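Enquirer: sequence isn't available, so here's the structure alone:
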């Protein structure tokens, strides 16, 4: 356990170094160190569970069923065998329902043309119902747009859940790979250092890729929320939850070594 712990600690250290590129990431790393210094692994795990409840609440609000990825699915996400789009579709498919079709508009009903005897004389002005049709169509168009926005927001919430699981799975895969290499090789500090720093590029790429994907999701959320006149609190919470998850995960690896 101690040998594996040392590798996990070292990898976590490289995560901190690899992440020290932007001010935002540096702040995330500072939080990770602060958490590590003030919490044990049990507390960190509890905080992580509480943090995930924010995303769980968003899923509940958008009628996305609770979904726990299996170990096989986590492995497939980490390897790329299961794409993020496929995983999100799998989550949404668990709902068992279908997107509600908009009710047929009045304009889609069979027209009730007046009989020849009831036809409007050429000099008579259009009826009130006829003049209201353009406004009615505009209202229906607005409702459709709002429904489309809600459907896309639902998709984005599911995607965010997948991204968080993917980051966690890939990070743990890198840590385990380093542990396996160390276990199979020489148990020296030099070999440990070599193995850990050989993961630098993979860790840097992972965090940068995930940060960008999350930024894209949050940006699109803001666009949709603004367009439909809603609060941007959902986008704020999603961003905060992701950043908090990263800090807690880094702190957990370091603290696990200290306690093991």
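Expert: Perfect, I can see it now. All values derive from a computational prediction rather than experimental measurement.
Enquirer: mean confidence score for the host helix or strand of residue 208?
Expert: Residue 208 belongs to helix 200-227 when assigned by DSSP states H and E. Taken as a whole, helix 200-227 carries a mean pLDDT of 91.
Enquirer: sketch out the low-pLDDT regions of the stretch 101-250 of the chain for me.
Expert: For the stretch 101-250 of the chain, residues meeting the criterion pLDDT under 70 lie at 101-144.
Enquirer: and the helices in it, which stretches?
Expert: Secondary structure of the stretch 101-250 of the chain, counting by DSSP state H, counting those that start in this stretch: helices at 128-131, 133-184, 189-197, 200-227, 233-259.
Enquirer: buried sites along the helix holding residue 208?
Expert: Neighbour counts over helix 200-227 (16 or more other C-beta atoms under 10 Å) mark 202-204, 206-207, 210-211, 213-214, 217-218, 220-221, 224-225 as buried. C-beta: built from backbone N, CA, C; applies to glycine.
Enquirer: just stretch 44-59 next, same as before
Expert: When neighbours are counted by 16+ other C-beta under 10 Å, the buried residues of stretch 44-59 are found to be 44, 47-48, 51-52, 54-55, 58-59.
Enquirer: kindly report the same for stretch 237-244.
Expert: 238-239, 241-244.
Enquirer: if we can go back for a sec, quick one: which of the helices of the stretch 101-250 of the chain is nearest residue 78?
Expert: For residue 78, the closest of those is helix 133-184, at 4.2 Å, according to C-beta to C-beta.
Enquirer: helices and strands around the closest one, which ones?
Expert: Identification of packing neighbours for helix 133-184 by 3 or more C-beta pairs under 8 Å, 6 or more residues apart in numbering; DSSP states H and E yields helix 2-19, helix 41-61, helix 71-79, helix 84-93, helix 189-197, helix 200-227, helix 233-259.
Enquirer: could those go into a markdown table alongside distance to residue 165?
Expert: Shown next, in a markdown table, are the helices and strands packed on helix 133-184 (distance: least, C-beta to C-beta, whole Å):
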| stretch | distance to residue 165 |
| --- | --- |
| helix 2-19 | 18 |
| helix 41-61 | 10 |
| helix 71-79 | 6 |
| helix 84-93 | 8 |
| helix 189-197 | 25 |
| helix 200-227 | 11 |
| helix 233-259 | 10 |
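Enquirer: what is the nearest of the buried residues of stretch 237-244 to residue 230?
Expert: When the buried residues of stretch 237-244 are compared for distance to residue 230, the smallest value, 13.7 Å, is given by residue 238; criterion: C-beta to C-beta.
Enquirer: where does residue 81 land in three-state SS?
Expert: Assigned state for residue 81: coil (three-state reduction, DSSP: H, G, I helix; E, B strand; the rest coil).
Enquirer: give me the phi and psi for it.
Expert: Residue 81 has phi and psi values of phi -60, psi -40 when expressed as degrees, to the nearest 10.
Enquirer: repeat for residue 186
Expert: The phi and psi torsions at residue 186 (degrees, to the nearest 10) take the values phi -80, psi 130.
Enquirer: that one - how many residues pack around it?
Expert: 10 (other C-beta atoms under 10 Å).
Enquirer: how much space between it and residue 193?
Expert: Between residue 186 and residue 193 the distance is 12 Å, computed by C-beta to C-beta, to the nearest Å.
Enquirer: could you do residue 251 as well?
Expert: Residue 251 sits 22 Å away from residue 193 when distances are taken as C-beta to C-beta.
Enquirer: and these two? which has more neighbours close in?
Expert: More neighbours sit around residue 251 than around the other of residue 251 and residue 193, counting by other C-beta under 10 Å; the figures are 26 against 12.
Enquirer: hmm, that one is touching residue 33, no?
Expert: Yes: taking contacts as C-beta atoms under 8 Å, residue 251 lies within contact range of residue 33: 7.3 Å.
Enquirer: dump the residue contacts of residue 75.
Expert: By C-beta atoms under 8 Å, 6 or more residues apart in numbering, the contact list for residue 75 reads 81, 169, 173.
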